[in-house]
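[1] Have a look; sequence and predicted model below, questions after that.
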Amino acid sequence: MKFLAYLVSGISLGSIYAIIALGYTMVYGIAKMLNFAHGDVIMVGGYISFLAATNLGLPALLSVLVAMAFCTVLGILIEGLAYRPLRSAPSLAVLITAIGVSYFLQNAALLIFGANPKAYTPVVSGTLKLFGGQLSISYVSLVTVVCCIVIMLALTAFTGKTRMGKAMRACSEDKGAAQLMGINVNRTISLTFAIGSALAAVAGALLCSFSPTLMPTTGSMPGIKAFTAAVFGGIGSIPGAFIGGILLGVIEALSRAYISTQLSNSIVFAVLIIILLVRPAGLMGKRTQEKV
Amino acid sequence: MNMKRYFKDARADLLTYAGVIIAFLVISAMKGNGMLNRSQTGLLVPICCYIVMAVSLNLTVGILGDLSLGHAGFMSVGAFSGVITAMGLMNVIPSAPMRLALAMVVGALCAAIVGFLVGIPVLRLNGDYLAIVTLAFGEIIKELITCLIVGVDSKGLHVIFNVNGSKTANDLTLLDGGRIIIKGAQGATGTKTIATFTAGFILIMITLVIVQNLVRSRHGRAIMAVRDNRIAADSVGIPVTKYKMMAFVTSASLAGAAGALFGLNYSNLAAAKFDFNTSILVLVFVVLGGLGNIWGSIIATVILYILPEALRGFSTYRMLIYAIVLIVVMLTTNNPILKNYFASLRSKFGKNSEKEASAS
């Protein structure tokens, strides 16, 4: 029964990673850049929903929607101001700019909200008791898992069926060719950032409900881990990010429970390294042949 | 290789050495005359360490062309092995400079070994996958060192690996007169600070000799060939893995030596100091200084390390300003429109433009 409890907490933690990783993987797939600021957009999402809930007294669901709207605008702004001018620049330059944006968001949050952790009120409260109270699952966990699955299915349908989704896939294959086919590449990339940032806001609210302390650095470690999850599942692949996130969460929760609390991150990263050695493109990634 | 280019490269190398020596002499003179205050002299050794870090990372990122996000891990290995060496041999070798030198050598060796072990899986990958695996290794090294408890007494070194957080320094069962060197998550405590600015200068010079000679040698050209086109290099018979490993291990060992110096500059140092952010900090120095440009790395390190300190007047806004400077510099140096604008400005100044273009 204890094992089940650990497994459930692992799956719900993994669902949060998966939601972040979905945003990461879409941005990476289309813009081919490591968006280090993604983790900090999560943090911003957390703060906005916190403010909306406590200062404006909005209900939880509405506060998350406000955070999503804010982060969508933020994502589009970041892309337009910082990344778009560097479209043709070497990837390292873009990476450093992303790091700059990440520092900027963290320090702006530090100035506005202060360094003291804020106590976040979970989006939903209460627990579900099963097996005569032996196994308790918080409603937050259930909501997280459901959210994650819905988002994953919606994104798969969106990229597979709609015109904008097809444009996205075309851009990720070949930007030049996509432009020749009459696709507005810049607008498509903006849209991807908008979706990614909105997902980050959802992840922020869920992450803070899961571990209710909110600081300017809250987003950075989950951001890195979610990126690991995206690589784990094969970067650019939507089901890959989902599976990678869940697996990562489960491995983390189980190794924390059974092996060592201090080394749980190390174990997660070690598994990543082994996976990449066996399957260099990740679990669901397509292996591309190098052309000479 | 044509002779003109050879002399140009040699001149650039000599200018780099000369620049570092002059800077050292000037700063030493200023220090001797009491022109620097305490907080300024406190920056000298860390700046030396970060210069060595940046130059060595430039070898991996700029010359070899592989993005490494875990450079601080090697620094950490060097720092803690160096601290253990220096503190463990306190009674055997009384001379502090000797201990410092030995600590740096041990730090470099340990980091080289770790670099080799990490290199075996890492160098099989490419691009962003390689970057994320180096990041992972950096975090793993950090957490492993966090679990380490080390002490020394008359019987020798005692080491405990604290996997589940249940052990403390008391479990070392040290004899009377024993010293605890590393206390798990607290890191190295009570270290005798024997690092000096002169040692930092010597380390920079050694690093420059190693890196610049490597780059200008046959091996260096092979490494750059691997960077420019791995498949082409492979097909003309350059052993890609060997050269990648050579650059990677050299870079790791120099970072280890810098780490040893860094570790012996602080009486308390936690493993958490060498996290992902430190790796990124050094990467920022390298990229802003110019990939593959050694002198650029040195200048960028000095400016960017001093900048947050110089902005202390703005205290709360300083990191925000730092972030904005970072973004603006990247945008102005890499945006095609702005780049063309600067190029047209330069061509107006005639002769100057030729010099600038060849330098970049």
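    Everything's here; your move. Numbers count the residues shown, from 1 in each chain, chains lettered A, B, ... in the order given.

[2] how close does B:D228 sit to B:I298?
    Going from B:D228 to B:I298 by CB to CB, to the nearest Å gives 24 Å. To be clear about C-beta, it is placed using only N, CA and C from the backbone, and glycine gets the same treatment.

[3] which of the two has more neighbours?
    The residue with more neighbours, out of B:D228 and B:I298, is B:I298; 26 against 10, by other CB atoms under 10 Å in any protein chain shown.

[4] And that one, how far from B:L14?
    14 Å.

[5] residue ranges of the helices in the stretch 51-200 of chain A, please?
    Under the criterion DSSP state H, counting those that start in this stretch, the stretch 51-200 of chain A carries helices at the ranges A:60-78, A:91-113, A:139-161, A:163-173, A:175-180, A:185-210.

[6] Which of these sits closest to B:K242?
    Closest approach to B:K242 among the helices of the stretch 51-200 of chain A (CB to CB): helix A:91-113, 25.0 Å.

[7] Give me the angle between the closest one and helix A:60-78.
    Following axes from the mean of the first three to the mean of the last three CA atoms, to 10 degrees, one obtains 130 degrees for the angle between helix A:91-113 and helix A:60-78.

[8] Which other helices and strands does helix A:91-113 contact?
    Helices and strands touching helix A:91-113, as assessed by 3 or more CB pairs under 8 Å, 6 or more residues apart in numbering or on different chains; DSSP states H and E, comprise helix A:38-54, helix B:276-289, helix B:318-334.

[9] How many residues are close by the nearest residue to B:T173 once chain neighbours are set aside?
    With sequence-adjacent residues excluded and distances taken as CB to CB, 6 or more residues apart in numbering or on different chains, B:T173 is closest to B:H158, at 7.3 Å. B:H158 sits with 19 neighbouring residues when counted by other CB under 10 Å.

[10] Write out the residues of the stretch 1-150 of chain B neighbouring chain A.
    Within reach of chain A by CB under 8 Å from any CB of the partner chain, the stretch 1-150 of chain B has these residues: B:61, B:67, B:121, B:124-125, B:128-129, B:131-133, B:135-137, B:139-140, B:143-144, B:146-147.

[11] Recalculate using a threshold of 10 Å.
    B:61-62, B:65, B:67, B:69, B:118, B:120-122, B:124-133, B:135-144, B:146-147 (CB under 10 Å from any CB of the partner chain).

[12] of those residues, buried ones?
    B:61-62, B:65, B:67, B:69, B:118, B:122, B:125, B:128-133, B:135-144, B:146-147 (16 or more other CB atoms under 10 Å in any protein chain shown).

[13] So which of those belong to helices?
    Mapping these onto helices (DSSP state H) picks out B:118, B:122, B:128-133, B:135-144, B:146.

[14] Helix or strand: which one has the nearest residue to A:L199 once chain neighbours are set aside?
    Once flanking residues are discounted, A:L199 sits nearest to A:G23: 4.1 Å by CB to CB, 6+ apart. If you go by DSSP states H and E, A:G23 is part of helix A:2-31.

[15] For that helix, which residues meet the burial criterion?
    A:6, A:8-31.

[16] Return the list of helices and strands in contact with that helix.
    When contacts are defined as 3 or more CB pairs under 10 Å, 6 or more residues apart in numbering or on different chains; DSSP states H and E, helix A:2-31 sits against helix A:38-54, helix A:60-78, strand A:135-138, helix A:139-161, helix A:163-173, helix A:185-210, helix A:220-233, helix A:238-258.

[17] average pLDDT across the second one?
    The one in question is helix A:60-78. On average, the pLDDT along helix A:60-78 is 91.

[18] check contacts around residue 29.
    With no chain named, the answer covers chain A. A:G29 makes contacts with A:159, A:168-169, A:171-173, A:192, A:230, A:235-238, A:241, as judged by CB atoms under 10 Å, 6 or more residues apart in numbering or on different chains.

[19] wrong chain, I was asking about chain B
    The neighbourhood of B:A29, defined by CB under 10 Å, 6+ apart, consists of B:M35.

[20] And the pLDDT for it?
    For B:A29, the model assigns a pLDDT of 86.

[21] List buried members of the contacts of A:G29 by neighbour count.
    Counted by 16+ other CB under 10 Å, the contacts of A:G29 give A:159, A:168, A:171-172, A:192, A:230, A:235-238, A:241 as buried.

[22] can I get the residues you listed in CSV with pLDDT and distance to chain B?
    Below are these laid out as CSV (pLDDT from 0 to 100; distance: CB to the nearest CB, whole Å):
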residue, pLDDT, distance to chain B
A:T159, 88, 21
A:M168, 89, 19
A:C171, 89, 18
A:S172, 86, 14
A:T192, 91, 17
A:A230, 87, 9
A:I235, 79, 7
A:G236, 79, 11
A:S237, 83, 14
A:I238, 86, 18
A:A241, 89, 14
